[in-house]
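> Please find the sequence and the predicted model below.
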Amino acid sequence: MVKNIKIFFGFFLTIMFFRYVPHLPNFTPVLAMTFYGTLIFGRSSLTYIVLAYAVSDLFIGFHNQLIWTWGSLFLIGFIGPYFKTLFGRFTGVFFSSVIFFMLTNLGVFLSGYYGFGFESLFLCYTLAIPFFTNTLLSTMIFTILIEFLIFSKFFNFIPLIKNKTN
């Protein structure tokens, strides 16, 4: 129980920090943290991770796309533990960015903001490409940072985690 509370507060503080600090649109460690959170701590931490996002949204403000955002985060966290090798983790993080892009923009399309129809769907995804670029770039940068700090054999700051995931 104490471990779960620590996990929640650790994720909560990190998420709150990066969601409140000024940043480029979609340039945050959100996806990397979600992916690695369940890889490191197990799927039982997924509830705490999504709850941390929910609490931060309480302060930022709720919007009509939360089901798509939180749903994509839940899916990303769920698939995280399947990717154990270095290549697998980078592949999983790449697909996490794609999942987030596809699901959240599907939600935008279904909200009717661009209208309905094939042209509207195409427009919705086309206009979101710069956001996807930022998402993919930031997720890869934070993935490299996590890999360097946790999984590197030269700079293994958290050896228990490395032993757990290998």
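That came in fine, so what should we check first?

> Show me where the chain dips below the pLDDT cut-off.
Applying pLDDT under 70 to the chain picks out residues 1-5, 7-8, 11, 152-166.

> which residue is nearest the middle of it?
By CA atoms, centre = their mean, the chain has its centre lying nearest to Leu31, at 1.7 Å.

> what about the longest helix in this protein?
helix 86-110 (DSSP state H).

> for whichever helix or strand comes after that helix, which positions count as buried?
Next along the chain after helix 86-110, taking DSSP states H and E as the criterion, comes helix 118-127. Buried residues in helix 118-127, defined by neighbour count with 16 or more other CB atoms under 10 Å: Leu121, Cys124, Tyr125. (Each C-beta comes from the backbone N, C-alpha and C, glycine too.)

> Distance from the chain centre to helix 118-127, please.
24 Å (CA atoms, centre = their mean, to the nearest Å).

> Report the angle between that helix and helix 86-110.
Helix 118-127 runs at 130 degrees relative to helix 86-110, counting by axes from the mean of the first three to the mean of the last three CA atoms, to 10 degrees.

> And for helix 118-127, what's in contact with it?
Applying CB atoms under 8 Å, 6 or more residues apart in numbering, the contact partners of helix 118-127 are Asn105, Val108, Phe109, Tyr113, Tyr114.

> Save the buried residues of helix 118-127 as CSV, and put in distance to Leu24 too.
CSV is the format used below for these (distance: CB to CB, whole Å):
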residue, distance to Leu24
Leu121, 25
Cys124, 20
Tyr125, 20
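
> with those residues in mind, which one is nearest to Pro81?
Among those, Tyr125 lies closest to Pro81 (CB to CB), at 29.0 Å.

> quick one on the thing from earlier: now for the longest helix of the chain, which elements pack on it?
Here helix 86-110 touches helix 30-41, helix 66-79, helix 118-127, helix 129-146, going by 3 or more CB pairs under 8 Å, 6 or more residues apart in numbering; DSSP states H and E.

> from the contacts of helix 118-127, which would you call buried?
Here, 16+ other CB under 10 Å leaves Asn105, Val108, Phe109, Tyr114 buried among those.
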